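In: sequence and predicted model, in that order:
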Amino acid sequence: MRRWLLRLLSVALLCLLPNSGQASPAYGRFQVEEAEFVLRLADGRVLRGDDLVGVTLRLSSGEARGDLSVTGVDEDETATGDRIVLYRLSSTGPGDAADLCRPDIRGRRLGLPLPSGDGGFDFVCTSGAAGKCVLMGYRPWKHSDSAPLSELHRACVHMLRADYGGDDRPTTRDGTAVDIYDRFGIQSPAMRHDMQFEAAWAADGAVCVAHPRIPEHMTLAELEERYPRLAGHLGQQACTEDAMRAVPRALLFNRSASPD
């Protein structure tokens with residue numbers, strides 16, 4: 001997952017605004033409201049959506065230096081039908097410029113800001129696990145009485161990365177297909193015949209693992225040694241979907257190709 005920590009952008013910045021083809025400086029506050037960028041200028045103007053295209057943020061504090069430009073804005077819908085604003089950002093350092101995001105499965109170099117809970121945000125790409133999980137309907141900034149969306153988003157990220165211990169040690173391989181579903185009906189199983197139940201997931205990682213997704217990267221024996229809390233919850237006999245449906249902390253489930 002490619003994630004950018006841009007928490008300095010929640011404070012006042014010097015912004016270069018497009019004006020008749022030329023950039024003019026203005027001071028403002030670049031914020032995230034839910035998962036959307038909003039630029040509130042000192043003169044009272046509020047820019048959001050397409051109005052931000054062409055805006056350049058000049059970073060000159062701490063480790064963040066250089067220019068960050070909004071080069072495109074698009075919209076998409078999550079699996080639950082919610083509108084999501086997506087941004088194409090490029091960074092400019094000494095002598096180079098680059099998109100912040102790699103192409104996703106549709107070829108888009110887009111991402112969105114996720115509030116970090118400390119006044120800043122993480123910018124995540126739709127090509128990465130965190131962005132994919134948002135598009136699946138797991139919106140961590142939203143409150144829902146019917147589903148713990150923040151916990152589901154964290155569980156989804158661990159699942160996509162095969163991060164069984166929830167300690168930021170992924171064991172998957174790019175391009176590996178998985179079938180993801182949850183106990184709340186946000187995602188439903190595809191019931192592919194070439195896949196078997198792999199694991200149940202909580203916000204802090206796997207609750208049980210029937211089989212590792214990529215055996216060359218991780219075995220059941222290695223999982224037990226690395227994560228003692230999973231002892232007794234490994235293998236196809238100890239980890240079944242039926243059993244995990246009775247465990248409330250198991251929020252999310254997935255299937256993947258059987259290693260046999």
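Out: Structure received.
In: ranges for the helices of this protein?
Out: For the chain, helices defined by DSSP state H occupy the ranges 129-135, 149-160, 220-226, 241-244.
In: contact partners for the nearest residue to Tyr227 once chain neighbours are set aside?
Out: Spatial nearest neighbour of Tyr227, chain neighbours left out: Gly165 (4.6 Å); criterion: C-beta to C-beta, 6 or more residues apart in numbering. (Each C-beta comes from the backbone N, C-alpha and C, glycine too.) By C-beta atoms under 8 Å, 6 or more residues apart in numbering, the residues touching Gly165 are 205-206, 223, 226-227, 230.
In: ok, and the most crowded of those?
Out: Ala206 (30 neighbours; other C-beta atoms under 10 Å).
In: is it true that that one touches Asp167?
Out: No: counting by C-beta atoms under 8 Å, Ala206 stays clear of Asp167, with 11.2 Å between them.
In: can you list the weak-confidence ranges in the chain?
Out: 1-27, 58-66, 93-97, 119, 260 (pLDDT under 70).
In: remind me, longest strand of it?
Out: Counting residues, the longest strand found in the chain (DSSP state E) is strand 64-77.
In: partners of that strand, with directions?
Out: According to DSSP bridges, strand 64-77 forms sheet pairs with strand 56-61 (antiparallel), strand 83-93 (antiparallel).
In: looking at the ones you listed, which one is packed in the most?
Out: Most buried of the strands paired with strand 64-77, by mean neighbour count (mean count of other C-beta atoms under 10 Å): strand 83-93, with a mean of 18.
In: next up, the contacts around the residue nearest to Val247 when sequence neighbours are not counted.
Out: Closest residue in space to Val247, ignoring its immediate chain neighbours: Val207 at 6.2 Å, by C-beta to C-beta, 6+ apart. For Val207, the contacting residues are 199-201, 233, 244, 247, 249-250, by C-beta under 8 Å, 6+ apart.
In: Thr172 is in contact with Glu216, isn't it?
Out: No: the criterion here is C-beta under 8 Å, and Thr172 misses it with Glu216 at 11.3 Å.
In: higher neighbour count, those two?
Out: Neighbour tally, Thr172 and Glu216, criterion other C-beta under 10 Å: the higher count belongs to Thr172, 19 against 9.
In: grab the nearest non-local neighbour of the more buried one.
Out: According to C-beta to C-beta, 6+ apart, the nearest residue to Thr172 is Ala162 (3.9 Å).
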